[in-house]
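Novice: With the sequence up front, the predicted model follows.
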Amino acid sequence: MIQDSTFTIHRLRFDENYHPSDRTRLTTNFANLARGESRRENLCNVMRMIDNRFNDLARWDNPKGDRYSIELEIVSVEMDLAFASKNGSFPLIEVLYSTIIDTKDRKRIEGLAGNSFSSYVRDYDFSILLPNYNKDKSEFSIPHNYGNLHGNLFKSVVNSSAYKKNFRKLPVICLSVSTNRTYYRTENQHPVLGVEYQQREFSLTDQYFEKMGMKVRYFMPANSVAPLAFYFFGDLLSDYSTLELISTISVMESFQKIYRPEIYNTNAAAADCFQPSLKYQDYSNTRIIYDRAERTQLATAQGQYTEENFIKPYHTILEQWSASYAA
């Protein structure tokens, strides 16, 4: 059965020299940028964007706006298949881990694990299971126990000794808001996270992360144009330091400007009543090359890979374990 020792964590530096490994989801933000003729320029530009945004938010004792920089590591969690009497492992999830470099005080400050989030099983759930379940149906619906296995696997990872040995705090994952929901500005304002937005009904992604044990709040930081969705355990506002939160904002807002410029790189900020849309035309492109169509195609291919190499072969064992874990 799946045990604490089932999970192994690997860490790899993400910088201009990064090349995706054979076991990395190519749809992941960082991996997608590190391919093709412009890979090195892409990587240099995105790291510059992250540093600039960090210094923009951390302005105190920073007169030239260059005090801080961010180092990123790709954190890969592999699952040992010995529970199924098989040799080898399966690439379960990937997140980013940030380290903050303070050049004034000449010290390294731990950031947060999480930021982006990558999962082969999520590819299967969203790109294979869900479309097949709704094929030929007149009304969209969600399968029974949808997301349960993925959620229990994720909770097992963050509760594992492997995770606790590597990271002091539970992860914070920051994603784009849903284009299927309307967000309403509130009077609540945080000094780092910015203005809070709320919505009246969880999106499918919100529900999926709830299965992972994570809550969600939506904030639009200063000088941003749209709210971000922050998924977290515990208390987002008190469990994390100012610099930790800034590291997450600077990393993920930079990625979102590249991947969803129609929402995060527009020429006007979100209104009090905000409906995100990828059809919005008044936005600016970054200089970073990215193929969104290819990314969608790869998600389906990677979902099929998961179905063939993980879900189908170990379906019974995984379902039994997930049910006992939940109990």
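Specialist: Okay, I see it. Given the structure is predicted, the values throughout are model-derived calculations rather than measurements.
Novice: Could you report the separation of the closest residue to residue 168 other than its chain neighbours from residue 14?
Specialist: Distances taken as C-beta to C-beta, 6 or more residues apart in numbering put residue 110 closest to residue 168, at 6.5 Å, once the chain neighbours are dropped. C-beta coordinates here come from the backbone N, C-alpha and C atoms, glycine included. As defined by C-beta to C-beta, to the nearest Å, residue 110 lies at a distance of 16 Å from residue 14.
Novice: Show me the shaky parts of the stretch 201-327 of the chain.
Specialist: Applying pLDDT under 70 to the stretch 201-327 of the chain flags residues 288-296.
Novice: redo that, cut-off 90
Specialist: Filtered on pLDDT under 90, the stretch 201-327 of the chain yields the residue ranges 255, 258-259, 285-302, 325-327.
Novice: What is the neighbour count of residue 261?
Specialist: Neighbourhood size, residue 261 [other C-beta atoms under 10 Å]: 18.
Novice: for the host helix or strand of the residue nearest to residue 168, packing partners?
Specialist: Taking DSSP states H and E as the definition, residue 110 sits inside strand 107-119. Applying 3 or more C-beta pairs under 8 Å, 6 or more residues apart in numbering; DSSP states H and E, we find strand 107-119 packed against helix 29-33, strand 89-102, strand 172-176, helix 242-259.
Novice: ok, 6 Å please
Specialist: Judged by 3 or more C-beta pairs under 6 Å, 6 or more residues apart in numbering; DSSP states H and E, strand 107-119 is in contact with strand 89-102, strand 172-176, helix 242-259.
Novice: so which of these comes closest to residue 276?
Specialist: Judged by C-beta to C-beta, the one of the helices and strands packed on strand 107-119 that comes nearest to residue 276 is strand 172-176, at 7.4 Å.
Novice: Between strand 89-102 and the closest one, find me the angle.
Specialist: 90 degrees (axes from the mean of the first three to the mean of the last three C-alpha atoms, to 10 degrees).
Novice: And strand 172-176, what's buried?
Specialist: Residues 172-176 are the ones in strand 172-176 that count as buried (16 or more other C-beta atoms under 10 Å).
Novice: mind listing the helices for the protein?
Specialist: 29-33, 39-57, 120-124, 130-133, 148-158, 161-166, 204-211, 242-259, 261-264, 292-306, 315-326 (DSSP state H).
Novice: Export the ones you listed to a markdown table and append columns for distance to residue 189.
Specialist: Supplementary listing: those in a markdown table, determined by distance: least, C-beta to C-beta, whole Å:
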| stretch | distance to residue 189 |
| --- | --- |
| helix 29-33 | 28 |
| helix 39-57 | 14 |
| helix 120-124 | 32 |
| helix 130-133 | 36 |
| helix 148-158 | 30 |
| helix 161-166 | 33 |
| helix 204-211 | 22 |
| helix 242-259 | 14 |
| helix 261-264 | 20 |
| helix 292-306 | 33 |
| helix 315-326 | 38 |
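Novice: quick one, which of these is nearest to residue 71?
Specialist: Among the helices of the chain, the nearest to residue 71 by C-beta to C-beta is helix 39-57 (9.1 Å).
Novice: thinking again about what came up before, and residue 99, which of the helices of the chain is closest to it?
Specialist: Proximity to residue 99 (C-beta to C-beta) singles out helix 242-259 among the helices of the chain, at 8.4 Å.
Novice: Summarise which helices and strands the closest one is packed against.
Specialist: Under the contact definition 3+ C-beta pairs under 6 Å, 6+ apart, helix 242-259 sits against helix 39-57, strand 89-102, strand 107-119, strand 172-176.
Novice: So between residue 110 and residue 14, which is more surrounded?
Specialist: residue 14 (24 against 16).
Novice: isn't the more buried one right next to residue 74, touching?
Specialist: Yes - between residue 14 and residue 74 there is a contact at 5.2 Å, judged by C-beta atoms under 6 Å.
Novice: returning to that earlier point: lowest-confidence stretch among the helices and strands packed on helix 242-259?
Specialist: Ranked by mean pLDDT, the helices and strands packed on helix 242-259 end with helix 39-57 at the bottom, a mean of 88.
Novice: by contact count, what packs against it?
Specialist: The elements that helix 39-57 packs onto, with contact taken as 3+ C-beta pairs under 6 Å, 6+ apart, are strand 68-80, helix 242-259.
Novice: which outside residues touch stretch 121-136?
Specialist: Stretch 121-136 is touched from outside by 140, 143, 150, 299-300, 302-303, 306-307, 311, with contacts defined as C-beta atoms under 6 Å, 6 or more residues apart in numbering.
Novice: From those, list just the buried residues.
Specialist: Among these, those classed as buried by 16+ other C-beta under 10 Å are 150, 299-300, 302-303, 306-307, 311.
Novice: right, and the pair among those residues with maximum separation?
Specialist: Spanning the widest gap among those are 150 and 300, at 17.0 Å by C-beta to C-beta.
Novice: since we're on residue 149, how many residues are nearby?
Specialist: 22.
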